[in-house]
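Trainee: one predicted model, sequence on top.
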Amino acid sequence: MKIGLFFGSFNPIHIGHLIIANYMANYTDLQQVWLVVSPHNPLKEKSDLINMYDRLEMAKLATEDAINIRVSDVELKLPQPSYTIDTLTYLHEKYPEHEFSLIMGSDNLASLKKWKNYELILRDYHIHIYPRPGFEIQEFKDHQSITITETPLMELSATFIRKAVKEGNNVQYFVPDKVLKFIDGKNLYR
Ligand SMILES: Nc1ncnc2c1ncn2[C@@H]1O[C@H](COP(=O)(O)OP(=O)(O)OP(=O)(O)O)[C@@H](O)[C@H]1O
Ligand SMILES: O=C(O)c1ccc[n+]([C@@H]2O[C@H](COP(=O)([O-])O)[C@@H](O)[C@H]2O)c1
């Protein structure tokens, strides 16, 4: 099966992520998208990161009824911080029957050279890029491993949502209802 891996902290998952996942899972040649919850992105501060089990749970709640979208907890069991090449190698060995590729925003493509063994990622895996405003696709544009998609965009960030919740603002519709209830029920991000 052709599976697109969408890595993120998902702190929390929001409709910006879900629009990308749905587009990739249902409008491209990918048959499934797996949301891979990263305990700790090697290039990000850990400061306002809530625990990985709550982030995993929210990703699952958000995609319970989704078509062709699954959530993977693989990085929760691997060493931290989570280097994408290590996760790809692990998945490739564990599921030889699947063909894995990556789903990545143009913001991440712009900093790909800082990733561990990025040349190996580019050599061995296909990458589906979606545009992020402010991050023009320049480098790697014509690389054989890169496909640029026309994904609809919703410019929302988890940072915006965390700040809004902290300030007592209403984030209904920015995250799915089940995620909103989970955040309220556990008093997260206050
Ligand atoms: N609104 C959005 N539209 C498209 N892609 C997004 C959006 N928000 C985040 N992404 C992408 O989703 C991936 C996972 O993102 P991540 O979980 O770090 O979320 P984030 O909203 O960017 O988080 P934060 O604000 O905490 O940095 C990243 O590659 C990021 O570029
Ligand atoms: O492998 C790396 O070196 C690497 C460096 C930076 C980011 N990543 C992964 O990319 C994913 C999305 O990154 P971000 O910055 O949008 O949160 C996240 O899950 C990280 O684990 C991976």
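Mentor: Structure received. Ligands and ions are numbered 1, 2, ... in the order given.

Trainee: give me the next element, helix or strand, following the helix or strand of the chain with the lowest mean pLDDT.
Mentor: None of the helices or strands of the chain scores lower by mean pLDDT, DSSP states H and E than helix 106-110, at a mean of 91. Where DSSP states H and E defines the elements, the next helix or strand beyond helix 106-110 is helix 118-124.

Trainee: does any bit of that following helix sit next to ligand 2?
Mentor: No: using C-beta under 6 Å from any ligand atom, helix 118-124 never reaches ligand 2; the gap is at least 7.4 Å. (C-beta placed from N, C-alpha, C; glycine too.)

Trainee: list the buried residues in that helix.
Mentor: Neighbour counts using 16 or more other C-beta atoms under 10 Å place 121-122 of helix 118-124 among the buried residues.

Trainee: cool, and stretch 1-15?
Mentor: 3-15.

Trainee: chain center to it: distance?
Mentor: When C-alpha coordinates are averaged (C-alpha atoms, centre = their mean, to the nearest Å), stretch 1-15 and its chain have centres 3 Å apart.

Trainee: output that stretch as CSV, nothing but the C-alphas.
Mentor: Output of stretch 1-15 as CSV, limited to C-alpha atoms (Å, rounded to 0.1, in the frame of the first residue of the first chain):
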residue,chain,number,x,y,z
MET,A,1,0.0,0.0,0.0
LYS,A,2,1.2,3.6,-0.7
ILE,A,3,1.3,5.4,2.6
GLY,A,4,2.1,9.0,3.2
LEU,A,5,3.6,9.8,6.6
PHE,A,6,2.7,13.2,8.1
PHE,A,7,5.0,13.9,11.0
GLY,A,8,4.3,16.5,13.7
SER,A,9,4.2,17.4,17.3
PHE,A,10,0.4,17.9,17.0
ASN,A,11,0.4,20.0,20.1
PRO,A,12,-2.6,20.0,19.6
ILE,A,13,-3.8,18.7,16.2
HIS,A,14,-5.9,21.3,14.4
ILE,A,15,-7.9,21.7,11.2
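
Trainee: please render the buried residues of stretch 1-15 as a markdown table that adds distance to Glu150 and pLDDT to the earlier fields.
Mentor: Formatted as a markdown table, the buried residues of stretch 1-15 follow (distance: C-beta to C-beta, whole Å; pLDDT from 0 to 100):
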| residue | distance to Glu150 | pLDDT |
| --- | --- | --- |
| Ile3 | 21 | 98 |
| Gly4 | 15 | 98 |
| Leu5 | 20 | 98 |
| Phe6 | 17 | 98 |
| Phe7 | 21 | 97 |
| Gly8 | 21 | 95 |
| Ser9 | 25 | 95 |
| Phe10 | 24 | 97 |
| Asn11 | 27 | 97 |
| Pro12 | 26 | 98 |
| Ile13 | 23 | 98 |
| His14 | 21 | 98 |
| Ile15 | 18 | 97 |
